[in-house]
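S.K.: Requesting a structural model of the entry that follows:
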Amino acid sequence: MDKPGALYLVPSTLGEGEPDKVLPEPVIKTILSLDSFVAEEARSARAFLRRLGLERKLADVRIDVLNEHTRVSELAPLLRPALQGERIGLLSEAGYPAVADPGSELIALAHRQGVSVIPLVGPCSLVLALAASGLNGQQFCAHGYLPTHAATRSQRIRELEARSRSDGSAQLFIEAPYRNNQLLAALLETCAADTELCLATELTLPGESVRTLTVGAWRAATPDLDRRPTVFVLQAARVRVSAAEEKRRGAPAPRRLRRRSGVRSARSNSRAG
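M.R.: So this is what the prediction gives:
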């Protein structure tokens with residue numbers, strides 16, 4: 001067997017923005033130097049490479065497909081070029097590979113087969129949203145998509161809010177942009193008024209907006225998120241426990257409780273990378 005090559009994790013823009021606005025020049029040069037790619041959809045991958053300024057003929061660039069329909073038995077052929085010494089790039093449709101996107105099983109296979117995995121710097125909507133939200137960046141959980149069935153979705157929201165209220169964690173999730181307003185309506189109907197909710201919309205794009213308000217405040221001024229890519233970050237107000245109760249449970253009383261009331265807003269003006 002030839003010396004193993006490498007699997008590069010290739011970030012892409014979060015929308016139709018200009019790549020050089022969110023990707024460092026050395027990262028772009030590295031992407032353009034890779035031998036081949038694995039992507040969710042070959043056509044959009046070629047469009048992205050064209051925007052990067054690829055000088056090779058796109059027809060000559062091998063792009064294999066890895067998406068939610070790819071079977072486990074099909075992963076080994078995708079990695080075979082790296083085992084033969086090639087440098088291949090795992091390319092996401094938007095943002096970062098394997099984070100709320102397919103790809104983790106291919107990465108795991110690369111580790112098992114001794115192929116180096118090299119992450120490149122680039123935008124990840126979940127990280128950008130959490131950092132700009134002002135919510136708990138020390139303890140958080142990302143859930144991807146919530147159920148689309150109304151009753152099941154509401155139950156899931158109640159579970160996430162209860163978890164956040166119990167341990168103070170931030171809860172992150174996303175939705176297909178055309179269903180954003182339905183999810184937002186469910187959150188505002190289901191959550192307590194003092195639960196904080198960050199709406200991080202169109203990150204790194206001209207219409208970018210990151211704002212954290214209480215659910216009660218969002219009810220009074222509900223935005224239209226239709227077809228605007230958005231990350232939702234939820235954090236419930238924690239139940240206050242007396243010092244005596246903390247002592248009974250065997251845990252020290254907290255020195256300070258963060259008061260979370262009214263309106264809090266945040267805006268991320270920096271670009272990833």
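
S.K.: low-scoring stretches of the stretch 1-150 of the chain, by residue?
M.R.: Along the stretch 1-150 of the chain, the parts satisfying pLDDT under 70 run over 1-4.

S.K.: Could I get the full set of helices for it?
M.R.: Assigned by DSSP state H, counting those that start in this stretch, the stretch 1-150 of the chain shows helices spanning 25-33, 42-52, 75-83, 104-112, 125-133, 150-167.

S.K.: Figure out which of those helices is closest to residue 202.
M.R.: helix 125-133 (9.8 Å; C-beta to C-beta). The way it works is simple: take the backbone N, C-alpha and C, and place the C-beta from them, glycine included.

S.K.: buried ones in that closest one?
M.R.: By neighbour count with 16 or more other C-beta atoms under 10 Å, helix 125-133 contains the buried residues 125, 126, 127, 128, 129, 130, 132, 133.

S.K.: Could I get the full set of helices for the stretch 151-273 of the chain?
M.R.: 180-190, 215-220, 243-249.

S.K.: how about the helices of the stretch 1-150 of the chain, which one is nearest residue 177?
M.R.: So among these, helix 125-133 is nearest, using C-beta to C-beta, at 11.8 Å.

S.K.: ranking the helices of the stretch 151-273 of the chain by burial, who's on top?
M.R.: helix 180-190 (a mean of 18; mean count of other C-beta atoms under 10 Å).

S.K.: So which residues make contact with it?
M.R.: 146, 150, 153-154, 157-158, 161, 175, 197, 199, 215, 218-219, 222-228, 230, 232, 234 (C-beta atoms under 8 Å, 6 or more residues apart in numbering).

S.K.: Mind checking which of the residues you listed are buried?
M.R.: 146, 153-154, 157, 161, 175, 197, 199, 215, 218, 225, 228, 230, 232, 234.

S.K.: Could you identify the most distant pair in these?
M.R.: Taking C-beta to C-beta, no two of the buried ones among the contacts of helix 180-190 sit farther apart than 161 and 228, at 23.5 Å.

S.K.: quick one on the thing from earlier: in a markdown table: the helices of the stretch 151-273 of the chain, plus mean pLDDT and distance to residue 165.
M.R.: Below are the helices of the stretch 151-273 of the chain laid out as a markdown table (pLDDT from 0 to 100; distance: least, C-beta to C-beta, whole Å):
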| stretch | mean pLDDT | distance to residue 165 |
| --- | --- | --- |
| helix 180-190 | 98 | 13 |
| helix 215-220 | 98 | 13 |
| helix 243-249 | 59 | 16 |
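
S.K.: out of these, nearest to residue 83?
M.R.: Here helix 180-190 is closest among these (C-beta to C-beta), at 41.5 Å.

S.K.: Report the inter-axis angle for that closest one versus helix 150-167.
M.R.: 60 degrees (axes from the mean of the first three to the mean of the last three C-alpha atoms, to 10 degrees).
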